[in-house]
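Colleague: Only the shape, not the letters, is given here:
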């Protein structure tokens, strides 16, 4: 199958959405499909000094990337959509799959089989975006809407009812861990529990919990892997300097070496989580997010302590992780204390890996989506 994958993500960049897009591009291609990814050329947001985009994301060069102009100030999304349409008109793609609403809308209008993947509530963007969405889902060639959690599906069902003929939940994923090596120079103390967090450090991610834990538990080393420089500077000034280590941004090709050094991985999402670039008027995505780090933890066979939130319980349960009140530091401390038992850590880690391999690899995600398309 020839698949045209339309994205609005900046590639290359450090955003989770761009990583998701690249990993899905690889997964779709490895199913034997010919995949072309369209992405906007946003020079003002790109990661600089990236010689090989595929290597930056640690994906195989098994699909093509075509960048289209993103110019025109306020009309940039529409200019990009027009370039997407021009490309579509010349393309022989059998299927258009995308996370760019305007691009997928235009694809459906010109009669292409289209799947749109939503990670948020389209009607909270603008009235115009919602109009595009309503028109798109009513086209005869619109195959289905893909969402990343049952909670998010519930929002769409309540909002649109039978207007959306087919809606499917596909949680995010990760690659299977093939690199079992550890970082050669690790700042943690020997014979001390190594507890880590991977991801951005902005509002709602639970960094404030990790910061408090580092003060409450001086006998445990805490590692924060990722984050922008200004966020690292902010939290570093507040955390316990003797047992809190900030590793900063780590390339995807090296990330496994860091996770492999950890005994326990934390997912301290709070009830309100704000995505990269959010402003004061943005809506929290905490109710329906599907954190990429969760699946990375599972794929690396790590013991996980996570916030006890409904959206995380869609993947986790008490058999494969310890779930605690998101903002209760005492319970986080208690959970970490339990993880001093290596036997308990191994039990949770083995169970988490087993669940991951059955359900949450990028390969499993793409297979499931395409199997249903081909059916």
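Modeller: Noted; the coordinates are in hand. This one's a predicted model, so the numbers in the text were calculated from it and none came from an experiment.

Colleague: in which helix or strand would I find residue 247?
Modeller: Per DSSP states H and E, residue 247 falls inside strand 244-248.

Colleague: where exactly do the strands run in the chain?
Modeller: Using DSSP state E, the strands of the chain run over 2-6, 34-41, 64-69, 95-98, 114-118, 142-147, 167-169, 194-198, 221-225, 244-248, 264-267, 303-307, 322-324.

Colleague: Residue 257 contacts residue 180, correct?
Modeller: No - using Cβ atoms under 8 Å as the test, residue 257 is too far from residue 180 to be in contact (9.3 Å). C-beta here means a position set from N, CA and C on the backbone, and glycine is covered the same way.

Colleague: who's in contact with residue 314?
Modeller: Taking Cβ atoms under 8 Å, 6 or more residues apart in numbering, we find residue 314 in contact with 149, 150, 151, 171.

Colleague: what about the last one, how many residues close to it?
Modeller: I take that to be residue 171. 18 (other Cβ atoms under 10 Å).

Colleague: How about the one 4 residues further on?
Modeller: In terms of burial, residue 175 registers 19 neighbours under the definition other Cβ under 10 Å.

Colleague: How about residue 227, nearest residue that isn't a chain neighbour?
Modeller: residue 201 (3.8 Å; Cβ to Cβ, 6 or more residues apart in numbering).

Colleague: again with residue 325
Modeller: Residue 325 sits nearest to residue 331 (Cβ to Cβ, 6+ apart), 5.4 Å away.

Colleague: For burial, what's the neighbour tally of the one you found?
Modeller: Residue 331 has 16 nearby residues by other Cβ under 10 Å.

Colleague: again with residue 360
Modeller: By other Cβ under 10 Å, neighbour count at residue 360 equals 22.

Colleague: In contact with it, which residues are there?
Modeller: Residue 360 makes contacts with 171, 172, 173, 174, 295, 298, 299, 315, as judged by Cβ under 8 Å, 6+ apart.

Colleague: So which of the residues you listed wins on neighbours?
Modeller: Going by other Cβ under 10 Å, residue 298 tops these with 29 neighbours.

Colleague: and the gap between it and residue 44?
Modeller: 35 Å (Cβ to Cβ, to the nearest Å).

Colleague: swap in residue 98?
Modeller: 23 Å.

Colleague: what about the two, which has more around it?
Modeller: For residue 98 versus residue 44, neighbours defined as other Cβ under 10 Å are more numerous around residue 98 (23 against 6).

Colleague: before we move on, the earlier item: what's the closest of the strands of the chain to residue 27?
Modeller: Nearest of those to residue 27, taken as Cβ to Cβ: strand 34-41 at 9.2 Å.

Colleague: what's the angle from the strand holding residue 247 to strand 221-225?
Modeller: Strand 244-248 runs at 20 degrees relative to strand 221-225, counting by axes from the mean of the first three to the mean of the last three Cα atoms, to 10 degrees.

Colleague: Which residue ranges of this protein form helices?
Modeller: 16-29, 53-57, 76-90, 101-109, 127-137, 150-160, 207-216, 229-236, 252-259, 292-299, 310-313, 329-338, 342-359, 362-374 (DSSP state H).

Colleague: what's the spacing between the residue nearest to residue 6 when sequence neighbours are not counted and residue 315?
Modeller: Nearest residue to residue 6, sequence neighbours excluded (Cβ to Cβ, 6+ apart): residue 98, at 3.4 Å. As for residue 98, its distance to residue 315 is 24 Å (criterion: Cβ to Cβ).

Colleague: do the same with residue 1
Modeller: Residue 1 is 28 Å from residue 315, by Cβ to Cβ.

Colleague: re earlier: out of residue 257 and residue 180, which sits in the busier spot?
Modeller: residue 257 (16 against 10).
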